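Undergrad: Pasting the sequence and the predicted model now:
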Amino acid sequence: MRAVAENPRNKNSISKLEFQFILKAHSDSEMPISKMVGSLTAHDRQILTAVNVGASTFSLVGSSFIVLCYLLFKELRKFSFKLVFFLAFSDMLCSFFSVVGDPSKGLFCYAQGYSTHFFFVASFLWTTTIAFTLHRTVVRHKTDVEDLEPMFHLYVWGTSLVLTVIRSIGNDPGRLGIWCWTETGRAGKAVHFITFYAPLWGAILFNGFTYFQVIRMLNNATRMAVGMSERPHQSEVRADMKALNRWGYYPLILIGSWTFGTINRIHDFIEPNHKIFWLSVLDVGTAALMGLFNSIAYGLNSSVRRAIHERLELWWPERFRRWLPISMKVRGLEQESELIPLKIQGQQ
């Protein structure tokens, strides 16, 4: 009887020792207890932190460069590029908060989580305004897009704020490696998915459908121009057609940046105690590089390169100009048009 009575006491004492061990490990690693089992190791989290900081730094540099070009070059301050400026501005602030946020501290964790959520949403919403502008001008032949700028700001900043506030209600911010905007509870994960990934993929579908209509219409107009124009001008028309086809890659930026993140969130919702390290690396890396991708695709158009080339012609010494890349030459730039000129050429 005495031996039988001691067994429960021994079991209880063992469980207390295990619990004390977990508490000690939690205090050493600053990791929530709910993530101690089946979670990423401290080394894995360091790798994810490095990937996020490195990729976010590239995006910060790229988006800051586009913002700086818009502020310095007056010829870029047209409505078409103004939308690209606000896209780069959102990416710049999002990358900034991703770099400086400190998930190990509560206040900084909240600041990083909600700031990145706000500007991530604003970023992909600005891509929808660019797609909408092209569609309204090319397909619907409207010329009132500049009058819609206040509505664009209300739509982008207002929607981003509402979604961020909704996400903040009742949430208990956790973190996945370096992000404070991932959630530990199933309810929080569901709210995160509804307030971010659902509108994200809605924007991807909208952009894809819109660019498909724009490209199809302009391709038809360009083919007609090729058939009606003289042979010396056909090469220029085909060059414009090649530039048009690049618009089809714009929706792929969001798809490439957030496919792994979406898969990772779904997996984390189904199996919260089993995290896949390589999927987390792809999730963090591709999402953090979105600002760089946007700055290259949307920002480095012919007008920006032409403005940079003209400044280099003024400031760069004559003996060094032959070192400039061929792609910087004005002749090559004139074959590639940006948003508004392309639309006008396609409609003629």
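TA: That came through, no problem. Numbering: from 1, shown residues only.
Undergrad: number of nearby residues for residue 54?
TA: The number of residues packed near residue 54 is 15, by other CB atoms under 10 Å. All C-beta atoms are positioned from the backbone trio N, CA, C, and that covers glycine.
Undergrad: what about it, which helix or strand?
TA: helix 42-72 (DSSP states H and E).
Undergrad: Quick one: list the elements packing against the following helix or strand past that helix.
TA: Downstream of helix 42-72, the first helix or strand assigned by DSSP H and E is helix 79-100. If contacts are counted by 3 or more CB pairs under 8 Å, 6 or more residues apart in numbering; DSSP states H and E, helix 79-100 sits against helix 42-72, helix 106-138, helix 149-168, helix 290-294, helix 339-347.
Undergrad: give me that answer again for 10 Å
TA: If you count contacts as 3 or more CB pairs under 10 Å, 6 or more residues apart in numbering; DSSP states H and E, helix 79-100 packs onto helix 42-72, helix 106-138, helix 149-168, helix 277-288, helix 290-294, helix 302-315, helix 339-347.
Undergrad: Mind listing what's buried along that helix?
TA: 80-81, 83-99 (16 or more other CB atoms under 10 Å).
Undergrad: again, but for stretch 307-317
TA: Those would be 307, 308, 309, for stretch 307-317 by 16+ other CB under 10 Å.
Undergrad: Likewise for stretch 208-220?
TA: 208, 210, 211, 213, 214, 215, 217, 218.
Undergrad: Nearest to residue 297 among those?
TA: residue 211 (11.9 Å; CB to CB).
Undergrad: Report pLDDT for that closest one.
TA: Per-residue pLDDT puts residue 211 at 90.
Undergrad: In terms of helices and strands, where is it?
TA: Here residue 211 is assigned to helix 198-228, by DSSP H and E.
Undergrad: got the contact list for the nearest residue to residue 87 once chain neighbours are set aside?
TA: Using CB to CB, 6 or more residues apart in numbering and skipping the chain neighbours, the partner closest in space to residue 87 is residue 126 (4.0 Å). Residue 126 sits next to 83-91, 152, 155-156, 160, 203, 294, 298 when contact means CB atoms under 10 Å, 6 or more residues apart in numbering.
Undergrad: switch to 8 Å and redo it
TA: 83, 86, 87, 90, 156 (CB atoms under 8 Å, 6 or more residues apart in numbering).
Undergrad: coming back round to it: average pLDDT across the helix holding residue 54?
TA: 91.
Undergrad: Which elements pack onto it?
TA: helix 79-100, helix 277-288, helix 290-294, helix 302-315.
Undergrad: Next, the buried residues of it.
TA: 45, 47-48, 51-53, 55-60, 62-67, 69-70.
Undergrad: now that helix against helix 302-315, angle please.
TA: 70 degrees (axes from the mean of the first three to the mean of the last three CA atoms, to 10 degrees).
Undergrad: quick one: helix 42-72 to helix 277-288, angle?
TA: 10 degrees.
Undergrad: mean pLDDT lowest for which of the helices and strands packed on helix 79-100?
TA: Among these, helix 339-347 carries the lowest mean pLDDT (a mean of 42).
Undergrad: State the number of residues packed around the nearest residue to residue 128 once chain neighbours are set aside.
TA: In space, and not counting its chain neighbours, residue 128 is closest to residue 203: 5.0 Å by CB to CB, 6+ apart. Using other CB under 10 Å, residue 203 has 20 neighbouring residues.
Undergrad: any idea how far residue 203 lies from residue 156?
TA: Going from residue 203 to residue 156 by CB to CB, to the nearest Å gives 11 Å.
Undergrad: what touches both of these two?
TA: residue 125.
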